[in-house]
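Enquirer: Whatever this is, show me its structure:
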Amino acid sequence: MVIRPITDTDLDTLAQIAKESGPGFTSLMPDRDALARKIAHSMASFERRVTSPGDEHYLFVLEDESTGDILGTSGIEANAGHTRPLYHFRRNTVTHHSRDLGLRRSVETLTRCNHYTGYSEICSLYLRPELRRAHAGKLLSRVRFLFMAQHPERFSDKVIAEMRGVSNGAGQSPFWNWLKAHFVDLEFGRATHLVGSGYTEFIDELMPSHPLYTCLMSKEARAVLSQVHENTRPALKILEAEGFQHKGLIDLFDAGPTVECALADIASVRSSSACPIIISETGKRTGNGHEHNRYQPDEPILIANTGTADFRATVSSEVSAQPDKLTVPLALAEKLHLRNGNFARTLPLGQSTPTQTRNTAPELSYAY
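Expert: Numbering: from 1, shown residues only. Model prediction:
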């Protein structure tokens, strides 16, 4: 399997993925025309020369080269809030105090804000359940960090991920049900479709701008604040192991948490490195023995070329890394569009997560 930039030939599969992912997956909505525009935007972003982040959006697909099947998607928004506001609710604690009466009461509020404008956002992570396989979810999640580490000029120095909140199989969100009853008479699926299609004016027009007291919400709505969809939990664990933290900002529609981390502090960014490659025509490791190899025998390595429009990445246990070079088998070099003397960026999959997460976390079905 190999990661590559999406192309217009992937439209049919992307439309199917958008349908499979269900309500709440706002970065991929089942609107064929909108998806075609998203693909065109992504292709133009990969081709563009960039010195600072703008409205670029990078969408990757994970392909099984032997069958041509698209296993999943993964994306990066270079500059969230650049073309339209990115709204959240901020969880705050407000204290009311009467000195004369000796009374004090602290209550939680939700206040609408657009705090994350200008941050880069990782998004559109989806692994098709029927096509799951070893390392696929990790590859989809972490490949973005290798791309960002290699091309930091294209991204903000701070990164966020909006995690999908709680909703049921019928697409009902307990949090949205409360908001719908009091403020916005739209079904959850309709509201998320509008946002996914780029229409956000109704947020300013209909959604409350004044603080909401959570003690006045239904218990069902309060229970899901900052909680994630059950299928998003593995993705959240991966991001937490990377250094992402939730700091109290939640989604306007399903109350899912947004997590954040400085780009330079992301574990996969810090642990990755780029070296020139040597292609082994025999397909065997070369060098002076394992004592000079930075990777253990059969250790799975995420490896990517350093291109943009020609970007390719995969997981392999056939890479040999000496201090100043990588030895790559010919077949792997061809898969990644590498030639002798090119640079490749690598990340040992075991170095960016704690042991317990690495050994027990299930592969993702869909995430965020």
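Enquirer: Report the buried residues of the host helix or strand of residue 192.
Expert: Counting by DSSP states H and E, the element that carries residue 192 is helix 188-196. Neighbour-count burial for helix 188-196 flags 188-189, 191-196 (criterion: 16 or more other CB atoms under 10 Å). C-beta coordinates here come from the backbone N, C-alpha and C atoms, glycine included.
Enquirer: Following the chain past it, name the next helix or strand.
Expert: Assigned by DSSP H and E, the successor of helix 188-196 is helix 201-206.
Enquirer: What are the contacting residues of that next one?
Expert: 85, 87, 112, 183-184, 186, 191, 194-195, 252 (CB atoms under 8 Å, 6 or more residues apart in numbering).
Enquirer: Let's see which of these end up in helices.
Expert: If you go by DSSP state H, the contacts of helix 201-206 have 191, 194-195 in helices.
Enquirer: is residue 304 in a bridge, and if so with what?
Expert: residue 313, residue 345 (DSSP bridges).
Enquirer: correction: residue 126
Expert: residue 73, residue 366.
Enquirer: any idea how far it lies from residue 350?
Expert: 24 Å (CB to CB, to the nearest Å).
Enquirer: So for those two, which residue has more residues nearby?
Expert: Comparing residue 126 with residue 350 by neighbour count (other CB atoms under 10 Å), the higher total belongs to residue 126, at 26 against 16.
Enquirer: Tell me the spacing between the more buried one and residue 299.
Expert: Remark: distance between residue 126 and residue 299 (CB to CB) = 27 Å.
Enquirer: How about residue 270, nearest residue that isn't a chain neighbour?
Expert: residue 264 (7.3 Å; CB to CB, 6 or more residues apart in numbering).
Enquirer: Would you confirm that that neighbour contacts residue 159?
Expert: No. Taking contacts as CB atoms under 8 Å, residue 264 lies outside contact range of residue 159: 10.0 Å.
Enquirer: between these two, which one's more packed in?
Expert: Between residue 264 and residue 159, residue 159 has the larger neighbour count (other CB under 10 Å), namely 29 against 13.
Enquirer: Can you tell me the element residue 331 falls in?
Expert: helix 330-335.
Enquirer: Export only the CA atoms of the strand or helix carrying residue 140, formatted as PDB.
Expert: Using DSSP H and E, residue 140 sits within helix 136-150. Coordinates of each C-alpha in helix 136-150 appear next as PDB, following Å, rounded to 0.1, in the frame of the first residue of the first chain:
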ATOM      1  CA  ALA A 136      -2.900   1.300   7.500                       C
ATOM      2  CA  GLY A 137      -4.400   3.600  10.200                       C
ATOM      3  CA  LYS A 138      -1.000   4.600  11.500                       C
ATOM      4  CA  LEU A 139       0.300   5.300   8.000                       C
ATOM      5  CA  LEU A 140      -2.800   7.500   7.200                       C
ATOM      6  CA  SER A 141      -2.400   9.500  10.500                       C
ATOM      7  CA  ARG A 142       1.400   9.900  10.700                       C
ATOM      8  CA  VAL A 143       2.200  10.500   7.000                       C
ATOM      9  CA  ARG A 144       0.900  14.000   7.300                       C
ATOM     10  CA  PHE A 145       3.500  14.800  10.000                       C
ATOM     11  CA  LEU A 146       6.300  13.600   7.700                       C
ATOM     12  CA  PHE A 147       5.000  15.800   4.900                       C
ATOM     13  CA  MET A 148       4.700  18.800   7.300                       C
ATOM     14  CA  ALA A 149       8.200  18.100   8.700                       C
ATOM     15  CA  GLN A 150       9.600  18.100   5.200                       C
END
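Enquirer: which parts of the helix or strand that it is followed by are buried?
Expert: Remark: after helix 136-150, the chain's next helix or strand is strand 158-162, criterion DSSP H and E. Residues of strand 158-162 classed as buried: 159-162 (neighbour count, 16+ other CB under 10 Å).
Enquirer: Where does the prediction get shaky in this protein?
Expert: Along the chain, segments meeting pLDDT under 70 span 22-26, 282-298, 351-368.
Enquirer: Okay then, goodbye and thanks.
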